[in-house]
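Trainee: Curious how this folds, go ahead:
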Amino acid sequence: MPYLRKISYLSIILLAACFPKEEAVEPSLRFGTSVELYAGVNKKDTVAFYSLDKSQVLAEVSPMDWDFYIDEDVIRLNYFRSMRVAKFDATWDKLEDTVGLDFRNLTYDNYEKMSQWELAENQIYVVDYGSDEGFTPIGLTSVRFERTATGIKIWQNAIGSDYEVFEEINKLSFYYNIREKKTLDLPTEKEYDIAFGKYTDLVTVDNITQDYLIYGAIQGKTLSYEVDMPFETVQDENFDATRLSGKKDVIGWDWKNFNRAKNAYEILGDKTYLISTNAGFKCKMRFVNFYNAAGQSGHTTFEWQVL
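Mentor: Next up, the predicted model:
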């Protein structure tokens with residue numbers, strides 16, 4: 001789809017999501033722990049990392065703070081900024097522009113058989129760093145990563161330049177802001193179970209399949225699967241470990257629908273998620289609201305219980 005047409009379509013959908021709602025979605029009776037999250041002023045400026053094992057929000061940060069997540073297992077894009085990458089298989093001195101490059105969000109369409117948003121080592125990628133809080137494009141560079149025994153080496157350069165900027169970091173798990181060349185100690189994928197924020201996913205609306213900016217939940221190392229059962233009826237005997245998935249957006253965003261007649265989001269009441277936490281506890285979880293007391297969407301309330 002042409003770029004301008006794509007932007008126009010996304011603008012219409014996002015504008016519809018900003019309309020005031022007619023009425024709040026009423027939560028039913030609480031079961032176990034109930035959590036209400038703050039999504040920021042415009043649902044784009046806050047990411048909340050939540051631990052089921054500790055029953056608490058571990059951190060609330062801006063998605064602008066980091067560009068890449070790195071640990072012993074993966075190198076991953078910051079998906080809460082809708083960043084995109086394109087593989088470049090020649091040498092840096094051949095990278096003069098972005099003509100012909102295949103940019104992808106890596107949500108479902110990774111170049112290799114890797115997990116979502118994961119980058120390969122020793123591969124040059126041209127990175128589109130997304131946009132800032134005012135929707136102004138941040139820009140592009142090319143990057144390459146190489147692991148060492150104690151950390152990682154990172155190369156980057158500007159498009160059209162054969163001069164490489166190099167940095168070696170002797171840490172195994174960290175978040176990295178490549179624009180400011182600094183590391184951040186935020187909850188790792190082994191520490192949080194679910195992170196909440198805005199990201200880009202492939203969505204079908206009115207029979208049109210499109211990359212679409214949505215608010216949803218992304219898993220850490222947590223395993224989960226979905227069942228169409230009322231939350232209160234799900235018991236320990238319903239937990240099927242063979243169905244657990246490590247796909248990061250199993251919980252995702254489609255526990256809600258936008259009702260155009262009501263001009264409001266509605267929670268799908270019988271959608272329950274069965275989860276194996278980082279510590280191995282079995283839990284059930286559901287969403288009960290998508291609005292705060294002021295009627296603003298994006299401020300999610302969910303409840304969960306250990307089975």
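Trainee: Could you list the low-pLDDT ranges of the stretch 1-150 of the chain?
Mentor: 1-32, 39-44 (pLDDT under 70).
Trainee: And the helices in it, which stretches?
Mentor: In the stretch 1-150 of the chain, the helices defined using DSSP state H, counting those that start in this stretch lie at 3-17.
Trainee: Touching, Asp93 and Gly160? I think so.
Mentor: No: at 10.1 Å, Asp93 does not count as touching Gly160 under the criterion of CB atoms under 8 Å. Just so you know, the C-beta spots here come from the backbone N, C-alpha and C atoms, and that holds for glycine as well.
Trainee: residues in contact with the most far-flung residue of the chain relative to its centre?
Mentor: For the chain, the largest distance from the centre (CA atoms, centre = their mean) belongs to Asp93, which lies 33.0 Å off. Neighbour list for Asp93: Asp162 [criterion: CB atoms under 8 Å, 6 or more residues apart in numbering].
Trainee: separation between it and Lys248?
Mentor: Noted for Asp93: a distance of 36 Å to Lys248, by CB to CB, to the nearest Å.
Trainee: Check which residues of the particular helix or strand that has Trp304 in it are buried.
Mentor: Per DSSP states H and E: Trp304 is located in strand 297-306. Burial within strand 297-306, assessed by neighbour count using 16 or more other CB atoms under 10 Å, is assigned to Ser297, Gly298, His299, Thr300, Thr301, Phe302, Glu303, Trp304, Gln305.
Trainee: Any chance of TSV for these, columns distance to Ile267?
Mentor: Converted to TSV, the buried residues of strand 297-306 look like this (distance: CB to CB, whole Å):
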residue	distance to Ile267
Ser297	12
Gly298	13
His299	13
Thr300	10
Thr301	9
Phe302	10
Glu303	11
Trp304	15
Gln305	17
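Trainee: Need these in JSON lines (columns: distance to Arg286 and pLDDT).
Mentor: Output for the buried residues of strand 297-306, formatted as JSON lines (distance: CB to CB, whole Å; pLDDT from 0 to 100):
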{"residue": "Ser297", "distance to Arg286": "18", "pLDDT": "77"}
{"residue": "Gly298", "distance to Arg286": "18", "pLDDT": "76"}
{"residue": "His299", "distance to Arg286": "16", "pLDDT": "83"}
{"residue": "Thr300", "distance to Arg286": "11", "pLDDT": "88"}
{"residue": "Thr301", "distance to Arg286": "10", "pLDDT": "90"}
{"residue": "Phe302", "distance to Arg286": "7", "pLDDT": "92"}
{"residue": "Glu303", "distance to Arg286": "6", "pLDDT": "94"}
{"residue": "Trp304", "distance to Arg286": "8", "pLDDT": "94"}
{"residue": "Gln305", "distance to Arg286": "9", "pLDDT": "94"}
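Trainee: Nearest to Arg243 among those?
Mentor: Trp304 (17.8 Å; CB to CB).
Trainee: Tell me what that closest one is bridged to.
Mentor: Beta-bridge partners recorded for Trp304 (DSSP bridges): Thr33, Met285.
Trainee: Surely it is in contact with Cys283?
Mentor: Yes: between Trp304 and Cys283 there is a contact under CB under 8 Å: 5.3 Å.
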